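Novice: next come a sequence and a model predicted from it.
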Amino acid sequence: MHLLIFDLDGTLVDSKQDLIDSVNATRGYMGLGALPGETVARYVGRGAMALIQSALGESAPASDVERAHEFFIRYYGEHMLDKTTLYPGARETLDALLEGGHRLAVLTNKPYKFSERMMATLGLGKHFVRVYGGNSFEPKKKPDPVGINALLSETGVARERTVMVGDSAVDIRTARNASVRACGVAWGFQPESFQTDPPDFVIDRFLQLAEWVLKESR
């Protein structure tokens, strides 16, 4: 594998609690009670607007969703790194892949400004040739393959030498739609979604990815 494309939330970073807190702060702002954390986690992955729509309920008026979304963006922007950390082994794996000559990128449905700031604050800004967020190709988001296709065009890497790494069916479908390989991570927000959209392989710890990729490259 010459190009590895990573999802962000639930894959590289454990951002679950900050997302839960921000969604429930938004529900409080809208006069609603808090949701269980695992319920919020199941809503993550399709972008901020979809997250808020799900958190308010599919029958919520568009005007309420828009007002809640604006609050969420402000609140999350202030609290997105309160508790968010890299998953164990993430930094070591990325370092090993870079040392092996591999190219790395981030493709997430989180807004770009949050994604870039998060990577920079966590000390990974220089690891990636590109960070693409949910508004980088608006209105298209994962599982649309536009982000992977852009990365393939920019890097010149062949599809058969590319893998998408993620924690949910959205990431697997994105890989399938782009005709690249898919790696699932067992520690993410929605590993149960692999039952309907199975990846090519699943890793239980980050360093397995470096071991597999470096072995494939020999």
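Specialist: Arrived safely, thanks for sending.

Novice: pretty sure Gln17 is one of the things Thr85 touches, is it not?
Specialist: No: counting by Cβ atoms under 8 Å, Thr85 stays clear of Gln17, with 9.8 Å between them. Yep, even glycine has a C-beta here, placed from its N, CA and C like the rest.

Novice: the two: which has the busier surroundings?
Specialist: Gln17 (16 against 13; other Cβ atoms under 10 Å).

Novice: quick check, the more buried one in a helix?
Specialist: Yes: remark: Gln17 belongs to a helix, assigned using DSSP: H, G, I helix; E, B strand; the rest coil.

Novice: which SS state does the nearest residue in space to it that is not next to it in sequence fall under?
Specialist: The shortest distance from Gln17 to any non-neighbouring residue, by Cβ to Cβ, 6 or more residues apart in numbering, is to Lys83 (4.5 Å). Applying three-state DSSP to Lys83 yields a three-state assignment of coil.

Novice: and Lys83, how many neighbours?
Specialist: Neighbourhood size, Lys83 [other Cβ under 10 Å]: 14.

Novice: likewise for Pro61?
Specialist: Using other Cβ under 10 Å, Pro61 has 9 neighbouring residues.

Novice: contacting residues for it?
Specialist: Contacts for Pro61 (Cβ atoms under 8 Å, 6 or more residues apart in numbering) come out as none.

Novice: report pLDDT for it.
Specialist: Looking at Pro61, its pLDDT stands at 94.

Novice: lowest-scoring secondary structure element of the protein by mean pLDDT?
Specialist: helix 207-217 (a mean of 82; mean pLDDT, DSSP states H and E).

Novice: what residues sit buried inside it?
Specialist: Buried positions in helix 207-217, judged by neighbour count with 16 or more other Cβ atoms under 10 Å: 208-210, 213-214.

Novice: who's in contact with it?
Specialist: Contacts of helix 207-217 (Cβ under 8 Å, 6+ apart): 1, 4, 89, 92-93, 96-97, 100-102, 163, 165, 183, 201, 203.

Novice: please repeat the previous calculation with a cut-off of 6 Å.
Specialist: Helix 207-217 has contacts (Cβ atoms under 6 Å, 6 or more residues apart in numbering) with 1, 89, 93, 96-97, 100, 203.

Novice: which strands or helices does the lengthiest helix in the chain pack on?
Specialist: When the chain is parsed with DSSP state H, its longest helix is helix 62-79. Packing contacts for helix 62-79, counted by 3 or more Cβ pairs under 6 Å, 6 or more residues apart in numbering; DSSP states H and E, involve helix 16-29, helix 48-56.

Novice: what residues sit buried inside that helix?
Specialist: The neighbour-count check on helix 62-79 (16+ other Cβ under 10 Å) flags 65, 67-69, 71-73, 75-76, 79 as buried.

Novice: let's see it as PDB, backbone CA atoms only.
Specialist: The C-alpha coordinates for helix 62-79 follow below in PDB (Å, rounded to 0.1, in the frame of the first residue of the first chain):
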ATOM      1  CA  ALA A  62     -35.500  22.600   9.100                       C
ATOM      2  CA  SER A  63     -35.400  25.900  10.900                       C
ATOM      3  CA  ASP A  64     -34.800  24.200  14.200                       C
ATOM      4  CA  VAL A  65     -32.100  22.000  12.700                       C
ATOM      5  CA  GLU A  66     -30.300  25.000  11.300                       C
ATOM      6  CA  ARG A  67     -30.500  26.900  14.600                       C
ATOM      7  CA  ALA A  68     -29.200  23.900  16.500                       C
ATOM      8  CA  HIS A  69     -26.500  23.300  13.900                       C
ATOM      9  CA  GLU A  70     -25.200  26.900  14.300                       C
ATOM     10  CA  PHE A  71     -25.100  26.400  18.100                       C
ATOM     11  CA  PHE A  72     -23.400  23.000  17.800                       C
ATOM     12  CA  ILE A  73     -20.600  24.400  15.500                       C
ATOM     13  CA  ARG A  74     -19.900  27.200  18.000                       C
ATOM     14  CA  TYR A  75     -20.000  25.000  21.000                       C
ATOM     15  CA  TYR A  76     -18.000  22.100  19.500                       C
ATOM     16  CA  GLY A  77     -15.400  24.600  18.200                       C
ATOM     17  CA  GLU A  78     -14.700  25.700  21.700                       C
ATOM     18  CA  HIS A  79     -14.800  22.200  23.300                       C
END
